[in-house]
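[1] Below are the sequence and a predicted model; questions follow.
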Amino acid sequence: MRNDEIEQAASDLIHRAGITKTPIPLHRIATFVGAEIHQQTFEDMVSGVLLIRRDERHIMVNKAHHPNRQRFTIAHELGHLALHHNSGDRLFIDTHLRAYQRRGSPSSGAYEEPGSTTTPEEEREANQFASALLMPRSSILAMTEGREYWDELDVASLATQFGVSEQAMTIRLRQLGVLESMF
Ligand SMILES: [Zn+2]
């Protein structure tokens, strides 16, 4: 799946759910797609789980992780639901989730560990979807338009506004061409 298709899918979901504010309210999106979010105790290596059973959709997120990371995990699982679920029951388990990995470099065998039912390509797509859902292209571009000089505090402030880590925001700003690749 191409990146622009993933951007479009995330943007469509935001609009269909009637969301116009940031941080993007993930609980509202989950409700809109019929999913329940559960904060649970997991081993540290488990970030999140998406369970699809008949007409039920459950997203389980590791409650010990930082709130920003939990948000990325929930958005990632919403990505699996939006992009990778066609029909039937399915279980997605995300361990050692490379939530902030740059697109196009699904390195390491982390995704192929026992227990993971997804492919590296699906993981890349779910991460791209999460990034686009949490940091919508149009919102970011509107808020950063005309700005030429950036420092770390600007990125931190933007990250807070969108409920993401500074690292995730930096990657997104580079991807959208707002920041040069050297920051
Ligand atoms: Zn995943």
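    It's in. Residues are numbered from 1 along each chain as shown.

[2] List the buried residues in the helix ranked longest in the chain.
    The helix that spans the most residues within the chain, counting by DSSP state H, is helix 67-84. Buried residues in helix 67-84, counted by 16 or more other Cβ atoms under 10 Å: 68-84. Backbone N, C-alpha and C define where each C-beta goes, glycine included.

[3] average pLDDT across that helix?
    Predicted confidence along helix 67-84 averages 96 (mean pLDDT).

[4] next SSE after the helix or strand containing residue 28?
    In this structure, residue 28 is located in helix 26-32 according to DSSP states H and E. In the C-terminal direction, the helix or strand that comes right after helix 26-32 (DSSP H and E) is strand 35-40.

[5] That following strand to helix 67-84, inter-axis angle?
    140 degrees (axes from the mean of the first three to the mean of the last three Cα atoms, to 10 degrees).

[6] next helix or strand past strand 35-40?
    strand 46-53.

[7] Neighbouring strands of that next one in the sheet, and parallel or not?
    strand 56-62 (antiparallel), strand 90-95 (antiparallel) (DSSP bridges).

[8] before we move on, back to that, ok now the helix holding residue 28, how far from the chain's centre?
    14 Å (Cα atoms, centre = their mean, to the nearest Å).
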